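Q: Structure for the following, please:
(one chain, ligands or ions: 1)
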Amino acid sequence: MAKQRDTQRAALRSSTTAVTRIQAKGKPKIGVEEFMSLCERFGFSKATLKKLRTMVVKEDWGQGPFLANYYSGLKETKVQAFERVARTIFGVNYAIGVSSGTAALHSAFVAAGVGPGTEVICPAIGFFATANVVDLVGAKPVFCDVDESLHMDPAKVERLITDRTVALVPTHVMGGVCDMDAIMPVALKHNLKVVEDCAQSCGGTYKGKYVGTFGDLGCFSISAYKIVGGGEGGLVVTNDKRLWERASQLAECGGLWRPDRFALPRYEGELFTGTNYRMSELEAAIDVVQLKKMPATVKRSHAVKMRILKRLKPFREITPQVLNDPDGDVGYLLRFFPETVELGQKILEGLRGRGINAAMRGKNAPPDWHIYCYMYPLTQKHGVRRGDCPVADDLFDRVITIWLNQWYNAADCRQIAHYINATLSECCTPDQKAPQWC
Ligand SMILES: Cc1ncc(COP(=O)(O)O)c(C=O)c1O
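A: All right, here's what the predicted structure looks like:
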């Protein structure tokens, strides 16, 4: 039997019919149909789709485009271009394009040394993703109450610090920005890392400097729901090489970011197990264009809000949301607090009756992942409940939010301001001594 096998092997070795040239010729893996599918997703009309098809069908794409940020042979991939634009706009040394804002936070927290047995101070109002990632890495989120800016109250941070605290997450919410002048000294005094969550305020500034560039690491969601992004994406920025390396290691454990991916660790903490959070080339192709447009988008959006705010009259029963830096607010939302939920209900009816897109949560509203007390299952696991952050509980119920649009012109702004004033005049008392809008 063994002899027979040896004879067969020898015959194969000496065979002249060895495979020399493959004749099969298939179609490219990715070609015209995939491109047309993408065009359909953009929402082009049938007529435009027809035109596009006649244009691209003539092209020979060979094996088709390679849509990963990975050994592409290009001078610069779309993800690299996105990262380059991010470095330029934010004025930072390092940027990493990742697959989501959650991925950005995960990479940043691990880079910053957040792990089992540690604590991170998170805001009471923001989004579930932030505290969720703190828990994911085995740490405990500790919620800090907000002030009338709806951002983390700097005066309440210090008392939450324990010997397990390693980081703070100032979260810039709904186009607004945190009071960074008050937060940074607390972090410095206690030697804490600062991971800024800028998912909802990409392009916001504090005293002329982009949020995301104050702390050790800045995280952004670049998703379809945000002012930059077409699908799902994220961004981490930092000026610290080691933090960039550690965040890259978590986001890209294949080590492609290293000069020699197979080299031994160059220092303790450089290498550890991670994930694949690479941004796709398809996403980056959209995002690189959008990110370049971001400063102009923010400028328009900010101008609309300021135009409206400047025309609003003060009323005794109304407290406008405090803007930690009115010049740096992204401006896609206008918010204020009526004295009570009942008054808020009346105002809401008036605003909506006049065609203004407004909302208020009110009492007995369904759970909402933007406030700490509904962040199930974190609440259950860490013993968090409504009442822990009373200012957030109260303000979140009665804040009235009006959605603005960056494309409103001066006449649109005048109209909206006029109808807000008209509604408030019906329900409230004009009072020059009441808090001004800006
Ligand atoms: C404050 C905040 N952080 C993080 C995220 C998570 O971003 P992504 O949905 O891209 O994972 C969001 C998403 O809305 C957010 O609002």
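Q: Around the ligand, which positions in the stretch 201-350 of the chain sit nearby?
A: Residues of the stretch 201-350 of the chain found near the ligand (C-beta under 6 Å from any ligand atom) are Ser221, Ser223, Gly234. C-betas here are computed from N, CA, C, even on glycine.
Q: need the strands for the stretch 151-300 of the chain, in chain order.
A: Counting by DSSP state E, counting those that start in this stretch, the stretch 151-300 of the chain has strands at residues 165-168, 193-197, 205-206, 209-210, 217-221, 234-238.
Q: thinking again about what came up before, neighbour-wise, which of the residues of the stretch 201-350 of the chain next to the ligand leads?
A: Counting neighbours by other C-beta atoms under 10 Å, Gly234 comes out on top of these with 30 neighbours.
Q: Any stretches of the stretch 1-150 of the chain with poor pLDDT?
A: The model of the stretch 1-150 of the chain has pLDDT under 70 over residues 1-17, 26, 72.
Q: re the thing from before, compare the strands of the stretch 151-300 of the chain and give me the one nearest Ile420.
A: The closest approach between Ile420 and any of these, judged by C-beta to C-beta, belongs to strand 205-206 at 25.6 Å.
Q: list the helices and strands that closest one packs on?
A: Judged by 3 or more C-beta pairs under 8 Å, 6 or more residues apart in numbering; DSSP states H and E, strand 205-206 has no packing partners among the helices and strands.
Q: which residues does Ile420 contact?
A: When contacts are counted by C-beta atoms under 8 Å, 6 or more residues apart in numbering, Ile420 is found next to Ile308, Leu312, Leu351, Ile356, Ile402.
Q: what number of residues lie near whichever residue of the chain sits closest to the ligand?
A: When scored by C-beta to the nearest ligand atom, the chain has Gly101 as its residue closest to the ligand, at 2.5 Å. If you count neighbours by other C-beta under 10 Å, Gly101 ends up with 30.
Q: Contact partners for the nearest residue to it once chain neighbours are set aside?
A: Distance criterion C-beta to C-beta, 6 or more residues apart in numbering; nearest residue to Gly101, sequence neighbours excluded, is Ser221 at 2.6 Å. When contacts are counted by C-beta under 8 Å, 6+ apart, Ser221 touches Ser100, Gly101, Thr102, Ala104, Ala129, Ala199, Gln200, Cys202, Gly229, Gly233, Gly234.
Q: Which of these sits closest to Arg84?
A: Set against Arg84, the nearest of these by C-beta to C-beta is Gly233 (15.4 Å).
Q: so the closest one makes contact with Ala86?
A: No: the pair Gly233 / Ala86 is not scored as a contact, 11.1 Å apart, by C-beta atoms under 8 Å.
Q: Need the residues touching each of those two.
A: In terms of C-beta under 8 Å, 6+ apart, Gly233 and Ala86 are both contacted by the residues Gly97.
Q: Compare neighbour counts for those two and give me the winner.
A: Neighbours were counted for Gly233 and for Ala86 using other C-beta under 10 Å; Gly233 has more, 30 against 26.
Q: From Pro170, how far off is that one?
A: The span separating Gly233 from Pro170 equals 22 Å under the rule C-beta to C-beta, to the nearest Å.
Q: How about Lys78?
A: Taking C-beta to C-beta as the measure, Lys78 and Pro170 are separated by 30 Å.
Q: and if you look at Val195?
A: Note on Val195: its distance to Pro170, by C-beta to C-beta, is 8 Å.
Q: intersection of neighbour lists for those two?
A: Among the neighbours of Val195, those also in contact with Pro170 (C-beta under 8 Å, 6+ apart) are Gly215.
Q: picking up where we left off before, possible to save the residues of the stretch 201-350 of the chain next to the ligand as CSV with pLDDT and distance to Lys58?
A: Output for these, formatted as CSV (pLDDT from 0 to 100; distance: C-beta to C-beta, whole Å):
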residue, pLDDT, distance to Lys58
Ser221, 98, 39
Ser223, 96, 35
Gly234, 98, 37
